[in-house]
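Peer 1: coords please:
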Amino acid sequence: MDNTASNSTSKSLKRHHGSLTDIREDGDPAIWATFDRSFREVQSVLDRNWVLTQQVNENHQSKIPLNMVRNVALIQELNGNISKVVSMYCDFSSNFLTTFHPQKKSGDAKNTNEEI
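Peer 2: Residues are numbered from 1 along each chain as shown. As a prediction, the model looks like this:
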């Protein structure tokens, strides 16, 4: 994306999501660094899954028995990585809510319980 499109998108986001933009610009850099690191970790696992999927497809297309056996381990790794990604996103979501959702007062907790 060129700078003009990026600037236009940025201005649009500021116009529509001003409060989030303000939090990002004025927020704690350590928090944003943590979120950035989390997304990079997730992306790393997703990139690995892409490679694994390509290998599984190549092995399957070859129809060579040994390659089909190798696919078992590759698919097991894929399944494990999917579980990791789910866990990472759960942790990220929890951290995000803890960081940006204001703490409720004890009276608010009582009202929340009544609504459930």
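
Peer 1: roughly how far apart are residue 93 and residue 30?
Peer 2: Using C-beta to C-beta, to the nearest Å, residue 93 is found at 19 Å from residue 30. The C-beta positions use only the backbone N, C-alpha and C, and glycine is treated the same way.

Peer 1: If you could redo that for residue 49, that was the one I meant.
Peer 2: Per C-beta to C-beta, residue 49 is found 29 Å from residue 30.

Peer 1: Just want to know which of the two has more residues nearby.
Peer 2: For the pair residue 49 and residue 30, the greater number of neighbours falls to residue 49 (17 against 8), based on other C-beta atoms under 10 Å.

Peer 1: shouldn't that one be in contact with residue 78?
Peer 2: Yes - between residue 49 and residue 78 there is a contact under C-beta atoms under 8 Å: 5.8 Å.

Peer 1: for the protein, which spans come out with low pLDDT?
Peer 2: For the chain, applying pLDDT under 70 flags the ranges 1-27, 102-116.

Peer 1: one more time with 90
Peer 2: Residue ranges of the chain with pLDDT under 90: 1-35, 92-116.

Peer 1: Could I get the full set of helices for it?
Peer 2: Using DSSP state H, the helices of the chain run over residues 3-16, 18-26, 29-62, 65-100, 106-115.

Peer 1: quick one, the fourth one and helix 29-62 angle?
Peer 2: Read it as helix 65-100. Relative orientation of helix 65-100 and helix 29-62, computed by axes from the mean of the first three to the mean of the last three C-alpha atoms, to 10 degrees: 160 degrees.

Peer 1: Quick check: buried residues in helix 65-100?
Peer 2: Applying a neighbour-count criterion of 16 or more other C-beta atoms under 10 Å, one finds 67, 71, 74, 78, 81, 85, 92 buried in helix 65-100.
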